[in-house]
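Chemist: from the sequence below, what's the structure:
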Amino acid sequence: MNTLTTEALLDYCDSDDYALQTEALIQLVDAEVYEAVPKILRLLKSADELIRSHAAEALGYLGIEEVETVGSALIPLLNDPEELVRSEAVEALGSLGYSPAVVPIEYILRHDPSALVRASAAETLGYLEEPSAIETLELSLLDVDEDKAVRGYAANSIGLLGTPQLLPKLEEYLKLELPLSVKAELLGARYWLGAKEDIEKLLTLLDNADEHLATIILNILTDLTEREEQPTLAKDAPDLERVLRSIANRFPFTGNQPEKILALAH
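Modeler: As a prediction, this is how the structure comes out:
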């Protein structure tokens, strides 16, 4: 892809050519062209679903200087007929920290027909920093008919929004017949809220995991280490290095992720 001038990219946004608009949206984000926001806002009403989704995604990055304007423009996309557009709109609202979106996103979590969109909603509620959403997240976590990924994101977000007072309730949830992927997310949430002993339980799951579960747990560990300003994971989990090196040998597809976790944890 050729790097174009800002002027050319802004002109591409006004084009009727979807390919040019897509290229413009990608490059404008890469170049951090915040002045492009007014033109991108107009693309939210494009007849093409991919342009609407790309525009929503771009605004999640570039709209940070105009949160109120961009956030209110994204809200209507929560009712878009295309699931990809709804998902990108939800995630963009989370990236912007647009707090008026909490209630409509809670509704989406419980009622949207798409598991992809509900997963985006469950994840985004954790970023919007509104503890009142915990009750809705718990409903999705405990919904046996819900998609496992949605339940996992709900558990993670509960950890982000909760306080240590929530630990006994989360411990009770761990006793339920939950998918292992959801239990892993609950253990990560409890560890983040102060139950340091649960990191060893999470590593035990990892030590016995198949490829799919191993991927989920490695992502949990990566997330935990990236959140901590003062790393304590290695101290809390003496077996961390052994388990991660074992996983790296068993599942080469993990690449350098185990090494990255070890580096961040120390």
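
Chemist: which other helices and strands contact the helix or strand where residue 153 lies?
Modeler: According to DSSP states H and E, residue 153 maps onto helix 148-161. Contact here means 3 or more C-beta pairs under 8 Å, 6 or more residues apart in numbering; DSSP states H and E; on that basis helix 148-161 packs against helix 115-127, helix 134-141, helix 180-192, helix 211-227. For every residue, glycine as well, the C-beta is placed using N, CA and C.

Chemist: recalculate using a threshold of 6 Å.
Modeler: Packing partners of helix 148-161 (3 or more C-beta pairs under 6 Å, 6 or more residues apart in numbering; DSSP states H and E): helix 115-127, helix 134-141, helix 180-192.

Chemist: what sits up against the shortest one?
Modeler: By that I understand helix 134-141. 106, 109, 122, 146, 150-151, 154-155, 157-158, 161 (C-beta atoms under 6 Å, 6 or more residues apart in numbering).

Chemist: what do you get for the first one?
Modeler: Judged by C-beta under 6 Å, 6+ apart, the contacts made with helix 115-127 from elsewhere in the structure are 83, 86-87, 90-91, 94, 105, 108-109, 112, 133, 140, 147, 149-150, 153-154, 157, 160.

Chemist: can I get the helices and strands packed on helix 148-161 in TSV with distance to residue 77, mean pLDDT and mean neighbour count?
Modeler: TSV is the format used below for the helices and strands packed on helix 148-161 (distance: least, C-beta to C-beta, whole Å; pLDDT from 0 to 100; neighbours: other C-beta atoms under 10 Å):
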stretch	distance to residue 77	mean pLDDT	mean neighbour count
helix 115-127	11	98	24
helix 134-141	20	98	20
helix 180-192	27	98	24
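
Chemist: with distance to residue 46 added, can I get these in JSON lines?
Modeler: Below are these laid out as JSON lines (distance: least, C-beta to C-beta, whole Å):
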{"stretch": "helix 115-127", "distance to residue 46": "19"}
{"stretch": "helix 134-141", "distance to residue 46": "31"}
{"stretch": "helix 180-192", "distance to residue 46": "36"}
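
Chemist: relative to residue 57, which of the ones you listed is closest?
Modeler: helix 115-127 (11.4 Å; C-beta to C-beta).

Chemist: excluding its backbone neighbours, what's nearest residue 246?
Modeler: residue 207 (6.8 Å; C-beta to C-beta, 6 or more residues apart in numbering).

Chemist: pLDDT at that neighbour, what is it?
Modeler: We have a pLDDT of 96 for residue 207.

Chemist: isn't it up against residue 243?
Modeler: Yes: using C-beta atoms under 6 Å, residue 207 makes contact with residue 243 at a distance of 5.2 Å.

Chemist: so which of these two has more stuff around it?
Modeler: Neighbours were counted for residue 207 and for residue 243 using other C-beta atoms under 10 Å; residue 243 has more, 21 against 16.

Chemist: the more buried one: what's it in contact with?
Modeler: 203, 206-207.

Chemist: and of those residues, the nearest to residue 68?
Modeler: Nearest member of these to residue 68, counting by C-beta to C-beta, is residue 206, at 42.5 Å.

Chemist: thought the closest one was touching residue 218?
Modeler: No: using C-beta under 6 Å, residue 206 makes no contact with residue 218, being 7.5 Å away.

Chemist: give me phi/psi at residue 66?
Modeler: With angles defined as degrees, to the nearest 10, residue 66 sits at phi -140, psi 50.
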